[in-house]
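In: kindly return the folded structure for what I paste below:
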Amino acid sequence: MNNQTKLPPSQMPEMWNSKEAWRVFGIMAEFVAATDRLNIIQPAVSIFGSARTRPDHPYYKKTEEIARLLSDAGFSVISGGGPGIMEAANKGAFYGKSPSVGLNIQLPHEQHNNPYQNISQTFKHFFARKVMFVKFASAYVVMPGGFGTLDELMEALTLVQTGKTRRIPIILVCSDYWRGMVDWIRQTLLSEGMINPEDMDLIQVTDDPETVVSAIFKHYETRGFELSDAEREMQLNL
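Out: Numbering: from 1, shown residues only. Presented below is the predicted three-dimensional model:
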């Protein structure tokens, strides 16, 4: 706005309130569009990890192997759609038998869409994207990563612990990377009564790609991947 058209201070709150109200419709549109596109991908596994991991790094190669195994086993693979571990996850699935799904986010830096996506959905809002990671995932596979990866991990643990979503396998890969955090959870959170002893069972740790796949199948062997009516209702209230 130039000086001639600038609103007086008394009218600025009303302008921002109006913009905020219209923003709600954009959020609704993201949920509707993403749900419509992703309903076809089940069962699926969400894979998280650093956007900064280079293709020649062992973490990248291990992620690609895990994603290919999951894809060949019949799981769609969901990643954040960007570079690094996300690219490795999409790449492994892309060359497998099941769809590679990228839930991309618009960021001022770091994020660019990788080319290994059969299904690509772009979000403006982190929280809408995070709901889709949980809503369509039969398991979480968490590779080494930074704040964003930890955010997704803690979100999943909280939702499962509080019963806001169904119990799914949450598998941390690369034990050396996660050991300090897991020890701190056990020695501090658990010992001081911040979590219950059974909450430690929500986390599995492994270094073996084959074990990732077998752990997911073991979790579902007595019940299958189809959601019950109660679980579908639960997912509606995420």
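
In: the protein: strands as residue ranges?
Out: 44-48, 76-79, 100-105, 119-123, 139-142, 170-173, 203-206 (DSSP state E).

In: now the ones you listed in a markdown table, with mean pLDDT?
Out: Below are these laid out as a markdown table (pLDDT from 0 to 100):
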| stretch | mean pLDDT |
| --- | --- |
| strand 44-48 | 97 |
| strand 76-79 | 97 |
| strand 100-105 | 92 |
| strand 119-123 | 90 |
| strand 139-142 | 98 |
| strand 170-173 | 98 |
| strand 203-206 | 98 |
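
In: how much space between residue 53 and residue 144?
Out: Residue 53 sits 7 Å away from residue 144, taking C-beta to C-beta, to the nearest Å as the criterion. For glycine as for every other residue, the C-beta is placed from the backbone atoms N, C-alpha and C.

In: now the common contact residues for the two.
Out: Shared contacts of residue 53 and residue 144 (C-beta atoms under 8 Å, 6 or more residues apart in numbering): 59, 85.

In: at the geometric centre of the chain, which residue do we find?
Out: The residue lying closest to the centre of the chain (C-alpha atoms, centre = their mean) is residue 133, at 4.0 Å.

In: ok, that one touching residue 105?
Out: No - judged on C-beta atoms under 8 Å, residue 133 makes no contact with residue 105 at a distance of 11.0 Å.

In: and the lengthiest helix in the chain, how far out from the chain middle?
Out: The longest helix of the chain (DSSP state H) is helix 12-38. On the basis of C-alpha atoms, centre = their mean, to the nearest Å, helix 12-38 sits 22 Å off its chain's mean C-alpha point.

In: rewinding a little: tell me which of the strands of the chain sits most buried.
Out: Among these, ranked by average contacts under mean count of other C-beta atoms under 10 Å, first place goes to strand 76-79 (a mean of 30).

In: roughly how far does residue 199 sit from residue 157?
Out: For residue 199 relative to residue 157 (C-beta to C-beta), the value is 8 Å.

In: so for the longest helix of the chain, mean pLDDT?
Out: Helix 12-38 shows an average pLDDT of 77 in the prediction.

In: I'd like the numbering to begin with 35 instead of 1 from here.
Out: Yep, numbering from 35; the last one is helix 46-72 now.

In: give the buried residues for it.
Out: Judged by neighbour count (16 or more other C-beta atoms under 10 Å), helix 46-72 contains these buried residues: 64, 68, 72.

In: could I get the contacting residues of the residue nearest to the last one when sequence neighbours are not counted?
Out: Closest residue to residue 72 in three dimensions, ignoring its sequence neighbours and counting by C-beta to C-beta, 6 or more residues apart in numbering: residue 170, at 5.1 Å. Shown here is residue 170, whose contacts under the criterion C-beta under 8 Å, 6+ apart are 72, 75-76, 78, 80, 112.

In: export only the CA atoms of stretch 100-110, formatted as CSV.
Out: Only the C-alpha atoms of stretch 100-110 are listed here, as CSV (Å, rounded to 0.1, in the frame of the first residue of the first chain):
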residue,chain,number,x,y,z
ILE,A,100,14.4,-49.6,3.5
ALA,A,101,12.0,-47.8,1.2
ARG,A,102,12.6,-50.3,-1.6
LEU,A,103,12.0,-53.2,0.7
LEU,A,104,8.8,-51.6,2.0
SER,A,105,7.6,-50.8,-1.5
ASP,A,106,8.2,-54.3,-2.7
ALA,A,107,6.4,-55.6,0.3
GLY,A,108,3.2,-53.7,-0.7
PHE,A,109,3.6,-50.5,1.3
SER,A,110,3.3,-47.0,-0.2
